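Undergrad: Got a predicted structure plus its sequence, pasted below:
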Amino acid sequence: MSLAQPNYFSAQDTMDGEFATLNLGPTHPATHGVFQNVLKVDGERIFSAEPTIGYIHRAFEKIAERRPYYQITP
């Protein structure tokens, strides 16, 4: 049993009934395309989070089709 219980909020709990959308995307150039998180927030409260993993997929296989074998580096 977990001692920490999450608090769930609804749209009625917001101060003005409107959410701010925060795009919390890759923050470092070395991690581009790995993880993105879109948050709906009201002040400090997070109402929803929509994670997206691998959203800048480059289609490595398709790129490799147009190159000679020695130019393909995974």
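TA: Structure's in. What do you need? Numbers count the residues shown, from 1 in each chain.
Undergrad: Flag the shaky bits of this structure, pLDDT-wise.
TA: Filtered on pLDDT under 70, the chain yields the residue ranges 1-17, 26-33, 54-58, 74.
Undergrad: That one: helices as residue ranges?
TA: 60-65 (DSSP state H).
Undergrad: Can you show me the strands along it?
TA: 20-24, 35-42, 45-53 (DSSP state E).
Undergrad: Would you mind giving those as JSON lines with distance to Ala59 and mean neighbour count added?
TA: From N, CA and C alone the C-beta is placed, and that goes for glycine too. Output for the strands of the chain, formatted as JSON lines (distance: least, CB to CB, whole Å; neighbours: other CB atoms under 10 Å):
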{"stretch": "strand 20-24", "distance to Ala59": "23", "mean neighbour count": "11"}
{"stretch": "strand 35-42", "distance to Ala59": "18", "mean neighbour count": "16"}
{"stretch": "strand 45-53", "distance to Ala59": "16", "mean neighbour count": "12"}
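Undergrad: Now render these as TSV, adding distance to Gln71.
TA: As requested, the strands of the chain are exported to TSV (distance: least, CB to CB, whole Å):
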stretch	distance to Gln71
strand 20-24	35
strand 35-42	29
strand 45-53	28
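Undergrad: so which of those strands gets nearest Tyr70?
TA: For the strands of the chain, proximity to Tyr70 was assessed by CB to CB; strand 45-53 is nearest, at 31.4 Å.
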